[in-house]
Every structure is written in structure tokens, then in C-alpha cells.
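S.K.: Kindly return the folded structure for what I paste below:
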Amino acid sequence: MLHRISKLYENIVYSKDSQVGISEDCFFDSKHWMVRYLLIRTGTFFNKKNVLIPPMHLGEIFWEQQRITLTLSADQIKNCTKLEPESFNYYHWPYYWTGAGIWGIASTSESIRLGTPPTIEINGTPCLRSTLQTVDYRVESEETELGYVRDFIFDDNNWIIRYLLVDTQAFQPPGSLVLLSPQWMRTANWPNLVFKFDFPIERILRAPEFVSKNAPSRSYEIALWKYYHKIGYWLNGEPFKKAG
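M.R.: Here you go, the predicted model:
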């Protein structure tokens, strides 16, 4: 199911035995555009600590109540680290940046959690990006500036970021948003905070209007991918093909 990334912020987080903190940010890798960690602020004001929680340790998410449950105990979270690869070593899970699957040896985070992880040699980690810090990146069309990133939409089945929500108020009424898939991106210029797409600006502005405050329906996705003459990610058997 699709959700806005921003819905994961400022949730009360519970371990298996107690309340442990507040969710503050998400980190995704810039190769596959997949959410790899939820950043949790634990402790008190004078003794706070930020920890990284991989998706395979998330239990049920209560979206309306802004509450997230974990499959870890409070003690496990207390001793967790904010660094890679130490965080994966701590939880005894295989590194997602090795192997053929989008989660290393697996296609979903759930299949890792249910399996027995083998020992895998470290070959180097990808670059992680904060979703909060990526908001307000400039988005460019084929010929000119289009707008700015305001949010992301991800798939909670495999934690892939499916869309950028782009504010186009310079060309359309305030609050107007368009959805663009990272799969369609020509380049991501991280140093200059710019994402570029090979679509003319008029084509993007005439795309099916997105007005929902939540996430797009499948019928909207079908119309959107058809408009851009693209094969839907739910049909081609590949969750993500790196752009550019």
C-alpha cells in the first residue's frame, strides 16, 4: 500500500514492552530509492539519543493514531547505534547493499526478518539520504525549472519510494502538486540539490491532476503511467530500475 513519507514523522514509537520515543526522519539509499531506516529519537530532553531502525523491525503502523510498534524490546533499542554497518551487525541481519535482491539476499524486508541471515562480506554501503533534508530540492523539466519536492510516496510492501510530490505553484495555483517517479528521473544532482526529468514542462503540467491529501489510488497510477507512456512498476516485474 502507498503512503506519504511525512506520515511517518512525529509518531509515538512503542517497543514490545514500553514507549521508547518519537519518529523523526527516514533515510533512503540513492541507488534504489528505498527507505532503509526510520530515525527514532529516544530518551529525555537532557539525555536524548537517535537510533536507526530498519523496516524489518517495524511491527504494525497505526496511521490515524500516529503510532508505530516495533518488534524489538526497549533494551535492544537502548543499545542500538546510529551508524552503518554497525546497526545491521547489532541486529544480526545481512547487509542490504550486498546480493542481487533489493534487500540484499531478499526481495522484501519481511523475508529477511523471517529467514536466517547468513554471513556476508561488506563491499561498501551506498549513500544514504534524509527524506526531510531532500524536501525542497529543485525539480527541473526538460527545458526549465518546474518546482520543488514537498513530500515522497512510498510502498510499504518493500519500502520503495514510488513518487516525488512536486509543488508547481510557479505555474499553477498554490498547492498544485504533480507526481513524478524516480524511475523517470534523468539525473539526480545531489551537490546542487536538483532532480532533472526528460519531459517538457507543458507535458508535466497537463498530467492527470493529483488532489489527494493521502496517496494515489491504483486507478490514478494507471492513468498517470499511461499518460507518460510508461509500463507500470506493478506490471513489469521489476520494483525499480535506476534512472540516469
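S.K.: tell me which residues in the lengthiest helix in the chain are buried?
M.R.: As assigned by DSSP state H, the longest helix anywhere in the chain is helix 218-227. Judged by neighbour count using 16 or more other Cβ atoms under 10 Å, the buried positions of helix 218-227 are 220-221, 224-225. Backbone N, C-alpha and C define where each C-beta goes, glycine included.
S.K.: Closest to residue 153 out of these?
M.R.: Closest approach to residue 153 among these (Cβ to Cβ): residue 221, at 9.9 Å.
S.K.: The residue lying closest to the closest one once chain neighbours are set aside: how many residues sit nearby?
M.R.: Among residues not flanking residue 221 along the chain, residue 232 sits closest, at 6.5 Å (Cβ to Cβ, 6 or more residues apart in numbering). Residue 232 sits with 13 neighbouring residues when counted by other Cβ atoms under 10 Å.
S.K.: tell me the mean pLDDT for the helix or strand encompassing residue 150?
M.R.: Applying DSSP states H and E as the criterion places residue 150 in strand 145-155. Strand 145-155 shows a mean pLDDT of 95 in the predicted model.
S.K.: what comes into contact with it?
M.R.: 1-6, 35, 131, 134-140, 160-171, 177-179, 195, 197, 201, 204, 215-216 (Cβ atoms under 8 Å, 6 or more residues apart in numbering).
S.K.: So what angle separates the directions of the longest helix of the chain and strand 145-155?
M.R.: Angle, helix 218-227 to strand 145-155, by axes from the mean of the first three to the mean of the last three Cα atoms, to 10 degrees: 130 degrees.
S.K.: Only alpha carbons, please: show helix 218-227 as PDB.
M.R.: Taking Å, rounded to 0.1, in the frame of the first residue of the first chain, the C-alpha atoms of helix 218-227 are listed here in PDB:
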ATOM      1  CA  ARG A 218      -4.200   2.400  -8.300                       C
ATOM      2  CA  SER A 219      -6.600   3.800 -10.900                       C
ATOM      3  CA  TYR A 220      -4.800   7.100 -10.700                       C
ATOM      4  CA  GLU A 221      -1.400   5.400 -11.100                       C
ATOM      5  CA  ILE A 222      -2.600   3.500 -14.200                       C
ATOM      6  CA  ALA A 223      -3.800   6.800 -15.700                       C
ATOM      7  CA  LEU A 224      -0.500   8.500 -14.800                       C
ATOM      8  CA  TRP A 225       1.800   5.900 -16.200                       C
ATOM      9  CA  LYS A 226      -0.300   5.600 -19.300                       C
ATOM     10  CA  TYR A 227      -0.100   9.300 -19.800                       C
END
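S.K.: That'll do, ta.
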